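# predicted model follows, preceded by the sequence.
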Amino acid sequence: MTDQGGAPIWRLPPRWVRRVVLAPLVVLLALVVLPVGVLLAAFVGAVMTWLLPGRLRLVRAVWMAVFYLYWDAVALVVAFALWVGSGFGWQLRAPALQRAHYVFAARMLDVLFWQVRWTLRLRIVVEDADLGHLLEGGRSSSRAATQGRGTRSSSCTPCSPGSTASPASS
């Protein structure tokens, strides 16, 4: 299939393919890439440090790619464990299991954002986003409007010395 401009339309594979084939493939890829990725990153880092000026941009990009692969593999394994712990999806909507899922997701995002800040030297600023209207079914949207909240502003700026970048708001 193609769109009106002739470009192919990409569709996600069926759910069973994503769950049975692609998810285990990501974990397997992480296990294969671990020894190779660490050695390759060390070698590339040594060569790039010697040859190129700058602050090891390529090495940091390779490190983030390898880190993200492992981060994703851990997320898939723990999500699978939570699914098995829920009785293979039988009690997936139980409050305790939903809480465990949200706590795990928050910890994983904390780790990812910490790594991005540390590796890429970014400062990530997220201002208050009143999402109560989404969680409460729309009841707090008028309250957020009267309190002047309900807007979200975020920015990523390099944390280099002498940087004059200021956070942009949207």
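Received it, and whenever you're ready, just let me know what you need.

# so, low pLDDT: which residues of the protein?
Counting by pLDDT under 70, the chain shows low-confidence ranges at 1, 45-56, 129, 131-170.

# repeat that for 50
Residues of the chain meeting the criterion pLDDT under 50: 138-154, 161-170.

# show me where it has strands.
Assignment of strands within the chain using DSSP state E yields the ranges 122-126, 154-158.

# what helices or strands is the first one leaning on?
It refers to strand 122-126. helix 95-120, strand 154-158 (3 or more CB pairs under 8 Å, 6 or more residues apart in numbering; DSSP states H and E). Where you see a C-beta, it was placed from the backbone N, CA and C, and this is true even at glycine.

# just put those in TSV and tack on mean neighbour count.
Putting the helices and strands packed on strand 122-126 into TSV (neighbours: other CB atoms under 10 Å) gives the following:
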stretch	mean neighbour count
helix 95-120	13
strand 154-158	14
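
# and Leu39, which of the ones you listed is closest to it?
Ranking these by distance to Leu39, with CB to CB as the measure, places helix 95-120 first at 18.6 Å.

# could you say what helices and strands that closest one packs with?
Packed on helix 95-120, when contacts are counted by 3+ CB pairs under 8 Å, 6+ apart, are helix 57-85, strand 122-126.

# can you give me the angle it makes with helix 57-85?
For helix 95-120 and helix 57-85, the angle between their directions (axes from the mean of the first three to the mean of the last three CA atoms, to 10 degrees) works out to 170 degrees.

# quick one, what contacts the residue nearest to Val74 when sequence neighbours are not counted?
In this structure, Val74 finds its nearest non-sequential neighbour in Met108, 7.4 Å apart by CB to CB, 6 or more residues apart in numbering. Residues counted as contacts of Met108 (CB atoms under 8 Å, 6 or more residues apart in numbering) are Trp71, Val74, Ala75.

# now Phe67
Phe67 sits next to Gln115, Thr119 when contact means CB under 8 Å, 6+ apart.

# and it, how close does it get to Gln115?
Plainly put, Phe67 is 6 Å away from Gln115 if you go by CB to CB, to the nearest Å.

# repeat that for Arg18.
Distance of Arg18 to Gln115, computed by CB to CB: 25 Å.

# list the contacts of Leu109.
So, once contact is read as CB under 8 Å, 6+ apart, Leu109 ends up touching nothing.
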